[in-house]
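> The amino acid sequence is not available; the structure is as follows:
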């Protein structure tokens, strides 16, 4: 099995103490930390939304059921992947779970390896998602440091203009454009022109589409 970095946390929500204990021990065998919850409402109110990991939800629980919890998580913008478990699965229940954002839907008694595989895949996806989000935030912060002139030069470079052509369009010398260009690569931490173009497409054109 592939080792997942960072020691992710699995939130396990099930009203059955025996199930919580058994699944907690199982999940721990692959190096994932487990926080178990008997009360689904307490979980919704108190769990760490910034943690890296995944959530395991039982569908049928007294009070707040698993699907209702899932819908609350989705409405709140929680990004941890959710694996649903049920002993009474139906096509409609499965459809509703996936429509509400579940990453996987497994029937009890759950196959140990299926659950572990689903959780490890979910955690890997969450790690990548958080990394992309962090990279996007860093890129936006770097872009915010550009001067108005540097943004003008960036737009022309991305448009395919040479330093001479960009200088002519802005009333600058090619040498000055080259200086601005060097600053752009440094400030945006772009190792290549292709990466610079990618940053521009994501930050500027993406904002325009929004």
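Perfect, thanks for sending it. Values in this document were obtained by computation on a predicted structure and should not be read as measured data.

> If we ignore the residues flanking it in sequence, what's nearest the residue sitting nearest the centre point of the chain?
Closest residue to the average C-alpha location of the chain: residue 129 at 2.6 Å, with C-alpha atoms, centre = their mean. Spatial nearest neighbour of residue 129, chain neighbours left out: residue 79 (6.3 Å); criterion: C-beta to C-beta, 6 or more residues apart in numbering. Where C-beta positions appear, they are placed from N, C-alpha and C, glycine not excepted.

> For the one you found, list the residues it contacts.
Shown in contact with residue 79 (C-beta atoms under 8 Å, 6 or more residues apart in numbering): 126, 129-130.

> The residue nearest to the centre of the chain is in what secondary structure piece?
Assigned by DSSP states H and E, residue 129 falls within helix 112-144.

> So which bits of that helix are buried?
Across helix 112-144, burial judged by 16 or more other C-beta atoms under 10 Å covers 115-116, 118-124, 126-127, 139, 142-143.

> Please apply the same query to stretch 177-189.
177-178, 180-181, 183-184, 187-188.

> Inside helices: which ones of those residues?
Mapping the buried residues of stretch 177-189 onto helices (DSSP state H) picks out 177-178, 180-181, 183-184, 187.

> contacting residues around the closest residue to residue 103 other than its chain neighbours?
Distance criterion C-beta to C-beta, 6+ apart; nearest residue to residue 103, sequence neighbours excluded, is residue 81 at 3.8 Å. Neighbour list for residue 81: 54-55, 103-104, 122-123, 125-126 [criterion: C-beta under 8 Å, 6+ apart].

> could you redo the last one with a cut-off of 7 Å?
Residue 81 makes contact with 54, 103, 122, 125-126, according to C-beta atoms under 7 Å, 6 or more residues apart in numbering.

> what's the closest of these to residue 201?
residue 125 (23.7 Å; C-beta to C-beta).

> Could you tell me the phi and psi values at the closest residue to the closest one other than its chain neighbours?
The shortest distance from residue 125 to any non-neighbouring residue, by C-beta to C-beta, 6+ apart, is to residue 81 (6.0 Å). Dihedral pair for residue 81: phi -60, psi 150, per degrees, to the nearest 10.

> ok, residue 81 to residue 71 distance?
15 Å (C-beta to C-beta, to the nearest Å).

> And for residue 203, the neighbour number?
Residues lying near residue 203 (other C-beta atoms under 10 Å) number 19.

> Now do the closest residue to it other than its chain neighbours, the pLDDT please.
Excluding the flanking residues, the one nearest residue 203 by C-beta to C-beta, 6+ apart is residue 143, at 4.9 Å. On the pLDDT scale, residue 143 is placed at 86.

> my guess is residue 143 contacts residue 200, does it?
No. At 8.7 Å, residue 143 does not count as touching residue 200 under the criterion of C-beta atoms under 7 Å.
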